[in-house]
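> Sequence and predicted structure are below.
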Amino acid sequence: MERPDPQRSEFCRLAGKLADSGEAPAIHDWTFLLGPSVVLGVNSLLLAYLAYRSELAPRPIAVLGLVGGPLVTASAIAVLFGLYGPAVHAISALPVFAWEVSFAVYLIAKGFKAFPVADRTVAAGGVHPELSVA
């Protein structure tokens, strides 16, 4: 006869208590908001910042991401703490939606600009390569 694994039985006991307490749906909702919403906002902000600084995409497209990223992150945190409902959160995600769609369409249609910022300034005579530290 096999001996029951004490760790597994403890886990099963705790999982049963969690299911009986009614907290599982709340944990599911928080996880759903943290994953897709907060991570989406942070990733959008970082990518938009890089696109803005490097000028590899048009600035108005990058500004959509710079505005939408923090907005959707703040909205997700507000929903987590019960300040308003998911309907307002869906509306606050519209700038991120516009950012993602416009950035994707731009990249499919035109791609990145041919020369990043550093190459354009060297070609224009704005930076002297012999004086640079790198």
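Now that the structure is in, tell me what you want to look at.

> how about the nearest residue to Leu80, chain neighbours excluded?
Excluding its sequence neighbours, the residue lying closest to Leu80 (Cβ to Cβ, 6 or more residues apart in numbering) is Leu33, at 5.5 Å. No exception for glycine: its C-beta is placed from N, CA and C like everyone else's.

> which residues does that neighbour contact?
Ala76, Val79, Leu80 (Cβ atoms under 8 Å, 6 or more residues apart in numbering).

> And the pLDDT for the second one?
Meaning Val79. In this model, Val79 is scored at 86, pLDDT.

> what's the neighbour count on it?
Number of residues near Val79 (other Cβ atoms under 10 Å) recorded here: 21.

> got a list of what it touches?
With Cβ under 8 Å, 6+ apart, Val79 has these contacts: Leu33, Ser37, Gly85, Pro86, Val88, His89.

> Can you tell me how far the closest residue to Leu94 other than its chain neighbours is from His28?
Distances taken as Cβ to Cβ, 6+ apart put Gly68 closest to Leu94, at 7.8 Å, once the chain neighbours are dropped. In this view, Gly68 and His28 are 25 Å apart by Cβ to Cβ, to the nearest Å.

> Of the two, which one has the most company?
Neighbour count, other Cβ under 10 Å: between Gly68 and His28, Gly68 has more, with 24 against 10.
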